[in-house]
Every structure is written in structure tokens, then in C-alpha cells.
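> Sequence and predicted structure below; questions after.
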Amino acid sequence: MAKEMKHAFLVALVAAILLAIAPALIGTYTLTLLVIYGILALSLGLIWGFGGVLCFGQAAFFGLGAYAYAIAAINIGESTVPLVLGIATPFLFAAALGAMMFYGRLSDVYLGVITLVVTLLFFRFMNSSAGPQYVIGTARLGGFNGIPGFQTLNVPGTPSAYIIGDAYYYLTASALLIVYLLVRWLLASPFGRIAVAIRENELRVELLGYDARARKTLLFAVGGAIAGLAGTLYASWAEIVTPGLFSLGQSAEIIIWCIVGGLGTLVGPVIGAMLLAYLKFALGQQSVIDNTLVLGAILVLCVLLMPRGVVPTLGTVLNRIYRRPPARRDRPRPAGSQTAATPPERAHV
């Protein structure tokens with residue numbers, strides 16, 4: 001575990017340097033969104049890549065965290081408690097949903113269908129909540145117009161000290177690094193090792209005496225909490241939440257990020273999310289090529305040429321390039337053996 005955490009801190013250090021340099025190339029406003037999407041992709045990378053659960057509901061947890069933060073911020077007027085609620089609400093919802101699915105022993109296909117249906121139900125409900133009766137405290141859900149004008153993140157205890165601009169970028173970047181280290185620690189712990197073993201062979205793990213369903217439920221809830229954190233940060237960045245957070249397109253994009261970046265890694269989904277989100281942002285400034293067409297083409301090419309994803313494939317290539325050939329070891333010769341290069345000494349009479 002110590003060796004794995006040492007490697008994780010090294011990766012985090014390199015990532016911190018890159019995130020500190022990035023504002024010289026891209027504006028912090030755009031970079032903040034890319035980092036938030038990286039946290040969101042990391043949540044699915046944990047559930048799918050290490051837990052073996054294909055979840056179409058990360059957009060539901062993402063939107064639920066954003067809405068929970070916005071509603072709490074309007075009612076409280078300060079961001080500390082809403083931030084906690086934005087993480088806790090998706091965590092509890094994911095725990096309840098995961099318990100129903102895993103203890104019900106549903107197959108992988110039904111897991112994907114149920115999480116997708118839950119996401120679409122949220123999308124449908126939020127779009128139809130425009131009436132005055134859809135009020136939580138003093139916060140109106142707003143229907144398809146969403147909820148604008150709530151308190152964004154501030155220094156705890158000082159509601160008027162907003163965290164915006166470059167400071168907010170560095171806050172989200174720090175959140176990404178902290179989440180990465182915590183997830184890496186979780187996977188290096190006995191719980192994480194058992195979770196990976198469940199992905200490989202759930203029946204064998206249960207025969208060893210472990211409760212696979214409880215561990216899958218907890219891992220699913222942790223992924224929901226991370227997605228909720230991303231939703232909370234997104235709400236404060238955009239200063240508005242809308243039902244589009246629960247859309248089918250949002251759910252599909254998260255899956256594409258993980259596939260292109262590389263499942264079975266934590267860095268892969270983050271890099272995939274940042275690269276594809278920035279590509280979408282760049283293509284959005286023109287009207288010649290459709291964004292959806294480009295993302296679909298990238299997904300097809302990646303599946304055909306790099307089925308493991310960009311990061312694992314790149315790691316394999318670099319390993320082949322820089323791998324040193326093993327040192328040649330001469331096979332020990334038995335005593336008294338003779339070779340042409342070393343003739344035996346003559347016996348002295």
C-alpha cells in the first residue's frame with residue numbers, strides 16, 4: 001500500500017504542476033469547467049473501471065448534487081452547509097439505489113437500464129416543475145428555466161467573500177487532486193482490493209466469506225458522492241442549474257470520456273474528459289462540423305484502434321520504448337567443464 005500511495009503522490013505532483021501551468025495556455029474560466037468534468041469522469045471511472053458496474057446514472061448524481069446545493073444555498077444564504085448537502089444527498093440516494101439493485105441481484109444489463117431510467121425520470125420531473133407548487137422552502141425549481149441567482153461558494157463564515165475567477169479554478173483543481181488521492185487510498189486499502197476482486201469474480205469473493213453486495217453498494221455510493229461534488233462545483237461555476245444536467249446527452253458524454261481515456265485507471269477518465277470537453281468547446285465556436293458527429297467518430301476510432309483507451313495504450317507504448325533488455329546472465333557451468341575459449345590447465349606431474 002505504501003508503494004502505491006507513493007506512486008499516487010508522484011502522479012498528483014505532476015498533475016499539480018500541469019494544472020498550475022495550464023492557465024498560461026487556457027483561461028481559468030474554461031479550465032475550471034474542464035476540471036469539474038474531470039472530477040465527474042473520475043466518479044464513473046471508479047464505479048465502472050474498478051467496481052465493474054456500468055452506470056448510466058452519473059448524470060443523475062451530478063444534477064442532484066447541483067440542485068441540492070442551489071436549493072440549500074437559496075434557503076440558507078451561505079455555501080458551507082449547501083456544499084455538504086450537495087455531496088451527501090447524491091451519496092445517500094446512490095446508497096439507496098445501489099442497495100435495491102445489488103441486493104436484488106440484478107444483472108449488469110438491468111443495472112444499466114435502471115440507472116438510465118432514473119436519470120431520465122429526474123430530467124422529466126425537473127422539466128415539468130415550473131408551477132408555483134414546486135417550491136422547497138423559498139427555492140422554486142423553475143421547470144426548464146432552472147434555478148438561477150443563488151449564493152455561490154464563499155469563504156466559510158463570510159457569505160460576502162465570494163470565491164471566483166482564478167481562486168475558484170485553484171479551488172476546483174485542489175478538489176480534483178484531493179479526490180484522486182482519496183480514491184487511490186481507498187483502492188489500495190483492503191476494501192478496494194476486495195472491490196476489484198468482486199469485479200473479476202463476484203461468486204468467488206462471496207465464497208471466501210465477504211459480502212459483495214454491501215461493498216458494491218458502498219463503492220456505488222462513493223461514486224455518487226464524487227459526482228455530487230462535481231455537480232456542486234458546477235452549480236457555483238455556472239450560477240444556474242437546469243434540467244439539462246440530467247439529459248441523456250450528458251450521460252452519454254461521461255461514458256465516452258471514460259472509454260476514450262481508459263477504464264481501469266483513474267487518470268484515464270480525467271484526461272479523456274478534459275480533452276474531449278475542450279474539443280467540444282473549440283468545435284462549438286464554429287458551425288461547419290457537428291459536435292456529436294466528431295465525438296461519435298472519436299469513440300468509434302478509439303474502440304477500433306485503442307480498445308483499452310488512450311492512457312493504457314500510451315503507457316504500453318512507453319513501456320516498450322524505454323524498457324531495458326534484461327541483463328545477460330551466463331548459465332553456470334559445472335565444475336571441471338571445458339570450453340574452447342578457456343582451455344584447461346595441464347596437470348603438474
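Everything's here; your move. All of these numbers come straight from a predicted model, not from anything done at the bench.
> Quick one: the strands in this protein, in order.
Using DSSP state E, the strands of the chain run over residues 135-136, 139-140, 147-148, 154-155, 158-162, 240-241.
> Next one: A96, what pLDDT does it get?
If you check A96, the pLDDT there is 96.
> now the longest helix belonging to the chain: mean pLDDT?
Ranked by residue count and defined by DSSP state H, the top helix of the chain is helix 212-238. Helix 212-238 carries an average pLDDT of 95.
> what sits against the nearest residue to Y169 once chain neighbours are set aside?
Leaving aside its sequence neighbours, Y169 sits nearest to T28 (C-beta to C-beta, 6 or more residues apart in numbering; 3.9 Å). C-beta: built from backbone N, CA, C; applies to glycine. T28 makes contact with G165, D166, Y168, Y169, according to C-beta atoms under 8 Å, 6 or more residues apart in numbering.
> Just want to check the distance between the last one and A238.
The reference is to Y169. 14 Å (C-beta to C-beta, to the nearest Å).
> Which one of those two is surrounded by more residues?
Counted by other C-beta atoms under 10 Å, Y169 and A238 do not tie: Y169 has more neighbours, with 24 against 17.
> ok, back up a step: strand 158-162 and the longest helix of the chain, what's the angle between them?
If you take axes from the mean of the first three to the mean of the last three C-alpha atoms, to 10 degrees, helix 212-238 sits at 70 degrees to strand 158-162.
> starting at the chain centroid, how far to helix 212-238?
Centroid separation for helix 212-238 versus its chain: 9 Å, with C-alpha atoms, centre = their mean, to the nearest Å.
> Stretch 261-279 too?
For stretch 261-279, the distance to the chain centre is 8 Å (C-alpha atoms, centre = their mean).
> Now do it: everything it contacts.
11, 15, 26, 30, 33-35, 37-42, 44-46, 48-50, 176, 180, 183-184, 187, 253-254, 256-260, 294-295, 298, 308-313.
> and if you look at stretch 5-25?
For stretch 5-25, using C-beta under 8 Å, 6+ apart, the contacting residues are 31, 35, 166, 169, 173, 176-177, 180-181, 184-185, 188, 267.
> So which of the residues you listed is surrounded by the most neighbours?
Most neighbours among the contacts of stretch 5-25, by other C-beta under 10 Å: V35, with 29 neighbours.
> Spit out the contact partners of it.
Contacts of V35 (C-beta under 8 Å, 6+ apart): L19, Y169, T172, A173, A175, L176, M274.
> What residue, apart from its backbone neighbours, is nearest it spatially?
Leaving aside its chain neighbours, V35 sits nearest to T172 (4.6 Å; criterion: C-beta to C-beta, 6+ apart).
> Tell me how many other residues crowd that neighbour.
27.
> do the same with L13
11.
> Quick one, grab the pLDDT at it.
As predicted, L13 sits at a pLDDT of 93.
> How much space separates it from L111?
Taken as C-beta to C-beta, the span from L13 to L111 is 36 Å.
> Can you check the pLDDT for Y278?
Model confidence at Y278 (pLDDT) stands at 91.
> ditto for R199
Looking at R199, the pLDDT reads 89.
> show me what contacts it?
F50, G51, G52.
> Go through those and say which is closest to T119.
Of all the contacts of R199, T119 sits closest to G51, with 18.2 Å by C-beta to C-beta.
> and that closest one, how many residues sit next to it?
23.
> With F91 as the reference, measure out to the residue lying closest to it once chain neighbours are set aside.
Excluding the flanking residues, the one nearest G51 by C-beta to C-beta, 6+ apart is L219, at 4.6 Å. As judged by C-beta to C-beta, L219 and F91 stand 12 Å apart.
> more neighbours, those two?
In this view L219 and F91 are compared by other C-beta under 10 Å, and L219 has more residues nearby, 28 against 24.
> I figured that one hits G45, correct?
No - look at L219 against G45 with C-beta atoms under 8 Å: they stay out of range, at 11.9 Å.
> what do those two both touch?
The contact sets of L219 and G45 do not overlap (C-beta under 8 Å, 6+ apart).
> ok so, going back, which of the contacts of R199 lies closest to L121?
G51 (23.1 Å).
> Might one say that the closest one is in contact with I198?
Yes - if you go by C-beta under 8 Å, G51 and I198 touch, sitting 7.3 Å apart.
> Now the common contact residues for the two.
Common neighbours of G51 and I198 (C-beta under 8 Å, 6+ apart) are K216.
> Could I get the contacting residues of the residue nearest to G51?
L46, I47, F50, G51, V53, A195.
> shouldn't I194 be in contact with E206?
No - if you go by C-beta under 8 Å, I194 and E206 don't touch, sitting 10.8 Å apart.
> Based on its surroundings, how many neighbours for the spatially closest residue to A95 that is not a sequence neighbour?
Spatial nearest neighbour of A95, excluding adjacent residues (C-beta to C-beta, 6+ apart): A221 at 3.8 Å. Using other C-beta under 10 Å, the number of residues around A221 comes to 22.
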